[in-house]
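Chemist: I'll drop the sequence and a predicted model, then ask my questions.
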Amino acid sequence: MIDKRPKTPREVAAFSLFSMAEEAAWSDGALHHYLSRAGLDSRDAALASRLTYGTVQNQILLDWYLRHFSSVRLKKIAPRVLACLRMGLYQLILMDKIPAHAAVAETVALVKHYGHANDRTVAFANAVLRNAANAAQNGSLPRLNCPDKESYYALQYSHPEWLVRLLSEQYGQKLTQKICQADNADAPISVRVNTMKCTPAEAQAELEAAGLTVQPHEAFPEILLCSGGDAAALPAFIEGRVTVQDAASALAAAVADPKPGSTVLDCCAAPGGKSFAMAEKMQGKGSVTSCDIYEHKLKRIREGAARLGLPNIRTELQDASVCREEWKDSADVVLCDVPCSGLGIIRKKPEIRFKNPDEIRTLPEIQARILANCAQYVKKGGTLVYSTCTILQRENEDVVRAFLTENPEFEAVSWTHPVCGERADGMVTLLPPVHNTDGFFIAKMHRKV
Ligand SMILES: C[S@@+](CC[C@H](N)C(=O)[O-])C[C@H]1O[C@@H](n2cnc3c(N)ncnc32)[C@H](O)[C@@H]1O
């Protein structure tokens, strides 16, 4: 992290982008860090967020334009200078309220002060930005000529082409375009009301009184969609009346449907969102055992449970792919919210689109191993739920169908919820442009014998 305290929205955005490039920081974590140090008013904080997310969300397109205006190959441009140029081009080409002279001058100043740049590099940055500004102003930006719709969507919405082609095979071109578009749209902060402490109406009134704009999710009344401020910094969050959780994630807990007194095993539980939702549904009665392979992540679950006032959650350090003999046949509900490619939450973490496709190709094998192992913990008559925050069929339906074929003692269970209607085969893939949730997959199964 950069030590200096940022003073302007552009410095906050630039420092966040530098941390992403240099330390592989997540956009939301870096932005939160520098915003908290900068102490900007809400308008400037909103501009800093827009500049950071907008630059990452449009990186492929911005690099395409940059190649047009730069005499130097992108690989030869130092990372901080490249980050500044992308942010400058974002303002010049894709934002409409920033005067061009301000975008050019402020970006050149960032390159000069923070880009480790000599005079030549500063002059180069100035020339690139001026050329782009002129082209944007006189309507002579290069046209996005692409051989087919998939490569056009990949460029226009800055998604890797392999991903767009895979989505297009699964969902068709029209829906793929909507998914890519939704991935770059502003996502509200979604909070779930802790109904053990207050009603949705009370929580909404409290958040609105604190200055947020609040809209209950149309199909999930305990979910409140908030904008205009940081819900996680308010007393309603700190004192456990609400917790940050998307409707899709809350739906997985609702589908698992544990009852007061149930024995629940959440096998990949950190940071704990679904454990909390299930423990609340159980009204503090029964037990939720929340496992993860990382000790430091278990601490976050314990802190969250304390904040929300949930005494029935305990944590266990446990690899979900390795059998714990004493847990066999012990749980009424087992939730496998497995590690996945995360491609359903690009709208919240825009850099997820840049994951290495070779690295995520091996995930279905790990997911299948976790599901097969944790299924052994389900009691006869008990429930098994498999979920991911990705929309790739190979990590979702394919894993579940193979499991059901190999384990005939389990069957898919039909369920219904206003978010997605009746699911006769027990499965749903939620999509941001269709369900107004994160992209997510949930499958519910039942152990017969
Ligand atoms: C999708 S996240 C879980 C999110 C969580 N269920 C929630 O709602 O907040 C997946 C979690 O699985 C954990 N994990 C990865 N491999 C694991 C394994 N073999 N056994 C147990 N946990 C694992 C990761 O550390 C991560 O915290």
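Modeler: Yep, it's here. Numbers count the residues shown, from 1 in each chain.
Chemist: And Arg447, how far from Leu371?
Modeler: Using C-beta to C-beta, to the nearest Å, one obtains 13 Å as the distance from Arg447 to Leu371. Every C-beta, even on glycine, is put in place using the N, C-alpha and C of the backbone.
Chemist: show me what contacts Gly229?
Modeler: Residues in contact with Gly229 (C-beta atoms under 8 Å, 6 or more residues apart in numbering) are Ser42, Ala210, Gly211, Leu212.
Chemist: and the first one, how many residues sit next to it?
Modeler: Read that as Ser42. The number of residues packed near Ser42 is 11, by other C-beta atoms under 10 Å.
Chemist: How about the last one?
Modeler: Burial of Leu212, expressed as a neighbour count using other C-beta under 10 Å, amounts to 22.
Chemist: From the ligand, how far off is it?
Modeler: To the ligand, Leu212 is 23 Å away according to C-beta to the nearest ligand atom, to the nearest Å.
Chemist: Now do the same for that residue: its pLDDT.
Modeler: Note for Leu212: predicted pLDDT of 95.
Chemist: Report the closest residue of the stretch 1-150 of the chain relative to the ligand.
Modeler: Trp26 (14.0 Å; C-beta to the nearest ligand atom).
Chemist: pLDDT score for that residue?
Modeler: 95.
Chemist: and what of Ala187?
Modeler: Value for Ala187, per-residue pLDDT: 89.
Chemist: okay, now it: neighbour count?
Modeler: Counted with other C-beta under 10 Å, residues neighbouring Ala187 total 20.
Chemist: and His116, that one's in a strand?
Modeler: No: under the criterion used here (DSSP: H, G, I helix; E, B strand; the rest coil), His116 is coil, not part of a strand.
Chemist: which ones are touching it?
Modeler: The contact partners of His116, by C-beta under 8 Å, 6+ apart, come to Ala78, Arg80.
Chemist: Show me the contacts of Gly229 that map onto helices.
Modeler: Ser42 (DSSP state H).
Chemist: how about the contacts of Gly229, which pair is most distant?
Modeler: Ser42 and Ala210 (12.2 Å; C-beta to C-beta).
Chemist: tell me which residues of stretch 40-60 are tucked away?
Modeler: For stretch 40-60, burial by neighbour count (16 or more other C-beta atoms under 10 Å) applies to 40, 44-45, 47-60.
Chemist: quick one: which of those residues sit in helices?
Modeler: Using DSSP H, these in helices are 44-45, 47-57, 59-60.
Chemist: how about the residues of the chain that lie near the ligand?
Modeler: 249, 268-274, 291-294, 297, 319-321, 337, 339, 370 (C-beta under 6 Å from any ligand atom).
Chemist: 8 Å instead?
Modeler: 245, 249, 252, 266-275, 291-294, 297, 318-322, 335, 337-340, 342, 366, 370, 387-389 (C-beta under 8 Å from any ligand atom).
Chemist: Who are the contact partners of the residue of the stretch 1-150 of the chain closest to the ligand?
Modeler: Listed by C-beta under 8 Å, 6+ apart, the contact partners of Trp26 are Met20, Lys349, Glu351.
Chemist: can you do 7 Å?
Modeler: Lys349 (C-beta atoms under 7 Å, 6 or more residues apart in numbering).
Chemist: residues near the spatially closest residue to Met427 that is not a sequence neighbour, how many?
Modeler: In this structure, Met427 finds its nearest non-sequential neighbour in Ala443, 4.4 Å apart by C-beta to C-beta, 6 or more residues apart in numbering. When neighbours are defined as other C-beta under 10 Å, Ala443 has 28 of them.
Chemist: quick one: strands adjacent to the helix or strand containing Ala443?
Modeler: Here Ala443, judged by DSSP states H and E, is contained in strand 440-447. As defined by DSSP bridges, the strand partners of strand 440-447 come to strand 378-388 (antiparallel), strand 410-412 (antiparallel), strand 427-430 (antiparallel).
Chemist: would you turn the ones you listed into TSV with distance to Met95 and mean pLDDT?
Modeler: Shown next, in TSV, are the strands paired with strand 440-447 (distance: least, C-beta to C-beta, whole Å; pLDDT from 0 to 100):
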stretch	distance to Met95	mean pLDDT
strand 378-388	34	98
strand 410-412	47	98
strand 427-430	30	98
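Chemist: Save those as JSON lines, and put in mean neighbour count too.
Modeler: Output for those, formatted as JSON lines (neighbours: other C-beta atoms under 10 Å):
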{"stretch": "strand 378-388", "mean neighbour count": "21"}
{"stretch": "strand 410-412", "mean neighbour count": "16"}
{"stretch": "strand 427-430", "mean neighbour count": "22"}
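Chemist: okay if I get these as TSV plus distance to Asp186?
Modeler: Shown next, in TSV, are these (distance: least, C-beta to C-beta, whole Å):
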stretch	distance to Asp186
strand 378-388	24
strand 410-412	36
strand 427-430	18
